[in-house]
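[1] The following comprises the amino acid sequence and a computationally predicted model.
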Amino acid sequence: MSGETVHAAPASSVSEKAVPGWFGLVPAITLAVLFLIPFAIMLSVSVAHRVPGGFFEPGFEWTSYERLLSPFFGRILYTSVAISAGAAAICIALAFPFTIFLAGMRHRVQTLVLVALLAVLSLSEVIIGFSISTLLSRTAGIGNLFAAIGLIDGPRSYTPGLFALMTGLCYLVFPYAVLVLYPPVSRLDPELRDAARMMGAGPLRTFFTVTVPLMRAPVLGASILVFVFTLGAFLLPQVLGRPNHWTLSVHITDQAIFQSNLPFAAAMAIVLLLVALLLVGLTLLLGRESGGRR
Amino acid sequence: MTALSLRGMSKRFGSLAAVDDVSIEIPAGCFVCLLGPSGCGKTTLLRLIAGLEEPSAGSLHAGGREITTLAPNRRDFGMVFQSLALFPHLDVADNIAYPLAIRGHGRRARMERVETLLELVQLPGLGARRIHQLSGGQRQRVAIARGLAIDPKVFLLDEPLSALDANLREHMQVELRQLQQRLGVTTLVVTHDQKEALTMADLVIVMNEGKVQQAGAPMKIYRNPANAFVAGFIGQSNLLPCTLGSDGSVDLAGTRLALDPQDRVKTKPGPAMLSIRPEDLRPDPQGPITARVAFIRDLGESVQIALDFGETRLQAVFAPRERPDVAIGDALRLAPAPGGIVVLAPPEAPAS
């Protein structure tokens, strides 16, 4: 400090020196090493030549992408997007009202619920998948409970199937949706809802004319997050779904690990990435267009 | 005719009584100010009337009908919130038309009404603006227009002017009062600003600790405060501990004051509290009160003189022409103006 007394520099330039300019390169380099380079490798693998029964050798050919153009893979892509979009829609439809309800509770209760949700995040996809599979099974599942109270004639299984798969996916992403929605929802001025009530709107009208429009951007953001997240799920569709519910992620795993067809797996991954980016971009564009009209 | 009638209304949050057994009759067309320090329960009382809080006890009648548990959206009241609560996702016109849209009015009717209201609050042609494009005063006017859109039976305002700067606030007080007189709508305003209450109100309700301390016309409350709290809260007042004698005189720390027949005595002989307004202390060479000048503020329009009287500090206000020729440190003899003294019960010692 004594050295500064002669050439008293402004405090700001001192603090700027504490973090040198090249420091900003660190995240950029990390991103390049951990994301761009693997992505480039994947791109190059996707156009490599496959050696049947063996591995692959460098090359440039569209063979793997041509294979993707078949109706079979078109249907898989459609299934993937439909399942993810469906899971995202159901999850947000549950998480948004839940978050509003949560934000209205006492502070101590809110903290407890948020901690519980964070705890759920520590469960891996494997544990969630097999827990729900057991819960919905014929031998140990809720079918026994329904039978015992006379709702159905005898115990039955609810897994595998679309219902089980959706339950699993929603369970997996629900905490993320709530954690993303919670900050904006808890900051929403309660007087806005009071104002709508005073002007004659019932609770439902208030929700749809005030809360939903004000929370559109966070809801859109949470939807995209949840959609992209479920698009990458490869375990739950195998554990809880039937083969016709297997998503592109499942097939990528299958091709890469069990069929040893890395070029084809890489091509599928690239297509999945592009489709995901396209859908996210479209959603953002739609959100902005109607956002500008507001 | 009575527009609103509150009977024994209370609201408890846990063990705290935010509103404690309040009963008031509010005549139709009356401009009422709920006045009190922050935390006195005035906003809670307003929210009880609005239906945004449910009372723990008591009942509320409007226009002869009991509405104690009626949902707020079915009361047809207008309200301006402290945060204004304008909808940022709607423009000015849609904000004002919101209650009309909820009631299913057609687009043409809505827009005509919006035009009328915008002119009423002196913002013609601003219907297409976004809320964030408006100044604080303009937002205030939009919130008032929105609250009046349905011709409400009762118009409620929660500290509506507190966000404005002092000049604009005084201007809006006058404007709000004139608007209310023109429309004749029964209006309740919550405020902690006693000048605001004196400017606007037909009826001032002074609250403290959840209870109504006094209700009445502003000047009646000013001239004739019911207790030491009201005397100290409305306007400035010199509050002096004294002893009330049974012969119509008070003993003020050794100084005997004979009371004028116009003075008001509101307590039994014994320990009491004497209240006298600064403008009711007159310079008088034969006056019974002798005090030492501690500070002089020459404000042009008036002269404020602070005086040391024994242990207590007195405030006196004189017109510039009546300014006694004194300097700091001089002794000044004062006499109370006839009718200027109110002898009140001593403030209760904090029991709990």
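    Noted; the coordinates are in hand.

[2] Next one: residue B:324 from residue B:279, what distance?
    Noted for residue B:324: a distance of 14 Å to residue B:279, by Cβ to Cβ, to the nearest Å. Backbone N, C-alpha and C define where each C-beta goes, glycine included.

[3] same question, residue B:166
    Separation of residue B:166 from residue B:279 (Cβ to Cβ): 22 Å.

[4] Neighbour count: the two, which is higher?
    residue B:279 (16 against 7; other Cβ atoms under 10 Å in any protein chain shown).

[5] Residue B:10 belongs to a strand?
    Yes: in this structure, residue B:10 lies within a strand as judged by DSSP: H, G, I helix; E, B strand; the rest coil.

[6] Any idea what it is bridged to?
    When bridges are assigned using DSSP bridges, the partners listed for residue B:10 are residue B:57.

[7] For residue B:333, what are phi and psi?
    When read as degrees, to the nearest 10, the backbone of residue B:333 gives phi -100, psi 130.

[8] Residue B:79 now?
    phi -150, psi 140.

[9] Please apply the same query to residue B:269.
    Torsion angles at residue B:269 (phi, psi; degrees, to the nearest 10) stand at phi -60, psi 140.

[10] Can you report how many residues lie near it?
    By the other Cβ under 10 Å criterion, the neighbourhood of residue B:269 contains 14 residues.

[11] And for residue B:321?
    When counting by other Cβ under 10 Å, one arrives at 6 neighbours for residue B:321.

[12] isn't there a helix covering it?
    Yes: using three-state DSSP, the assignment for residue B:321 is a helix.

[13] What pLDDT is listed against residue A:61?
    pLDDT for residue A:61: 81.

[14] so how many other residues sit close to it?
    The tally of other residues near residue A:61 (other Cβ under 10 Å) stands at 12.

[15] how about it, what does it touch?
    The neighbourhood of residue A:61, defined by Cβ atoms under 8 Å, 6 or more residues apart in numbering or on different chains, consists of A:47-49.

[16] In strands, which of the residues you listed appear?
    Among the contacts of residue A:61, the residues falling in strands (DSSP state E) are residue A:49.

[17] residues from chain B in reach of chain A?
    Contact residues, chain B versus chain A (Cβ under 8 Å from any Cβ of the partner chain): B:50, B:52, B:71-79, B:81-83, B:85, B:87-90, B:98-99, B:102-103, B:146, B:149-150, B:156.

[18] Narrow these to those in strands?
    For these, secondary structure assignment (DSSP E) places B:78-79, B:156 in strands.

[19] Which one of those sits in the busiest neighbourhood?
    Looking at these with neighbours defined as other Cβ under 10 Å, the largest count falls to residue B:79 at 30 neighbours.

[20] Specify the beta-bridge partners of that residue.
    According to DSSP bridges, the partner residues bridging residue B:79 are residue B:156.

[21] Quickly note the distance from it to residue B:252.
    Distance, residue B:79 to residue B:252, by Cβ to Cβ: 48 Å.

[22] for the helix or strand where residue A:279 lies, the distance to its chain's centre please.
    Here residue A:279, judged by DSSP states H and E, is contained in helix A:262-293. Between the centre of helix A:262-293 and the centre of its chain there are 13 Å (Cα atoms, centre = their mean, to the nearest Å).

[23] Okay, and residue A:233 sits in which element?
    When secondary structure is defined by DSSP H and E, residue A:233 falls outside every helix and strand.

[24] go on, the one 5 residues further on?
    In the assignment (DSSP H and E), residue A:238 maps to helix A:236-240.

[25] ok, then the element right after that helix?
    Towards the C-terminus, the helix or strand next in line after helix A:236-240, according to DSSP H and E, is helix A:248-253.

[26] So which other helices or strands are in contact with that next one?
    If you count contacts as 3 or more Cβ pairs under 8 Å, 6 or more residues apart in numbering or on different chains; DSSP states H and E, helix A:248-253 packs onto helix A:71-103, helix A:236-240, helix A:262-293.

[27] Alpha carbons of stretch B:71-84, as CSV, please.
    Output of stretch B:71-84 as CSV, limited to C-alpha atoms (Å, rounded to 0.1, in the frame of the first residue of the first chain):
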residue,chain,number,x,y,z
ALA,B,71,-64.9,-12.1,-3.0
PRO,B,72,-63.0,-8.9,-3.9
ASN,B,73,-63.8,-9.4,-7.6
ARG,B,74,-67.5,-9.2,-6.9
ARG,B,75,-67.5,-6.0,-4.8
ASP,B,76,-67.3,-3.5,-7.7
PHE,B,77,-64.8,-1.4,-5.8
GLY,B,78,-61.9,0.5,-7.5
MET,B,79,-58.5,0.4,-6.0
VAL,B,80,-55.1,2.1,-6.5
PHE,B,81,-52.3,0.2,-4.9
GLN,B,82,-49.1,1.6,-3.3
SER,B,83,-47.0,0.0,-6.0
LEU,B,84,-49.7,1.1,-8.5
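
[28] Pull out the buried residues from it.
    For stretch B:71-84, the buried set under the neighbour-count rule, 16 or more other Cβ atoms under 10 Å in any protein chain shown, comprises B:72-73, B:75-81, B:83-84.

[29] Work out the gap between that stretch and the centre of the chain.
    Using Cα atoms, centre = their mean, we find the averaged C-alpha position of stretch B:71-84 to lie 20 Å away from the chain's own average C-alpha position.

[30] Give me the mean pLDDT for it.
    For stretch B:71-84, the per-residue pLDDT values average out at 94.

[31] got it, and stretch A:215-227?
    Stretch A:215-227 comes out with an average pLDDT of 90.

[32] Show me the contact partners of it.
    A:84-85, A:87-89, A:91-92, A:95-96, A:173, A:176-177, A:180-181, A:184-185, A:188, A:212, A:276, A:279-280, A:283-284, A:287, A:291.

[33] which ones among those come in contact with chain B?
    If you filter the contacts of stretch A:215-227 for contact with chain B, counting by Cβ under 8 Å from any Cβ, you are left with nothing.

[34] just the buried members of these?
    Among those, those classed as buried by neighbour count (16+ other Cβ under 10 Å) are A:84-85, A:87-88, A:91-92, A:95-96, A:173, A:176-177, A:180-181, A:184-185, A:188, A:276, A:279, A:287.

[35] which SS state does residue A:178 fall under?
    Counting by three-state DSSP, the backbone at residue A:178 sits in helix.

[36] Which parts of chain B belong to which domain?
    The record's domain parsing of chain B by automatic domain parsing lists B:2-223, B:236-344.

[37] Please work out which of those domains is packed deepest.
    Among these, ranked by average contacts under mean count of other Cβ atoms under 10 Å in any protein chain shown, first place goes to domain B:2-223 (a mean of 19).

[38] ends of that domain, how far apart?
    Its first and final residues considered, domain B:2-223 spans 26 Å by Cα to Cα, to the nearest Å.

[39] Stretch A:138-146 too?
    Between the opening and closing residues of stretch A:138-146 there is a gap of 11 Å (Cα to Cα).

[40] Name the residues of that stretch that are buried.
    Along stretch A:138-146, the positions that meet the burial threshold by neighbour count (16+ other Cβ under 10 Å) are A:141, A:143-144, A:146.

[41] Check what pLDDT whichever residue of the stretch 101-250 of chain B sits closest to chain A gets.
    Among residues of the stretch 101-250 of chain B, the one nearest chain A by Cβ to the nearest Cβ turns out to be residue B:102. It sits 4.3 Å away. Taken from the predicted model, the pLDDT recorded for residue B:102 is 93.

[42] Residue B:226 now?
    What the model reports as pLDDT for residue B:226 is 91.

[43] near chain B, which residues of the stretch 51-200 of chain A show up?
    With Cβ under 8 Å from any Cβ as the criterion, the stretch 51-200 of chain A comes near chain B at residues A:189, A:191-192, A:194-200.

[44] Could you dump the residues you listed into JSON lines with neighbour count added?
    Formatted as JSON lines, these follow (neighbours: other Cβ atoms under 10 Å in any protein chain shown):
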{"residue": "A:189", "neighbour count": "14"}
{"residue": "A:191", "neighbour count": "17"}
{"residue": "A:192", "neighbour count": "21"}
{"residue": "A:194", "neighbour count": "21"}
{"residue": "A:195", "neighbour count": "28"}
{"residue": "A:196", "neighbour count": "25"}
{"residue": "A:197", "neighbour count": "23"}
{"residue": "A:198", "neighbour count": "27"}
{"residue": "A:199", "neighbour count": "30"}
{"residue": "A:200", "neighbour count": "23"}
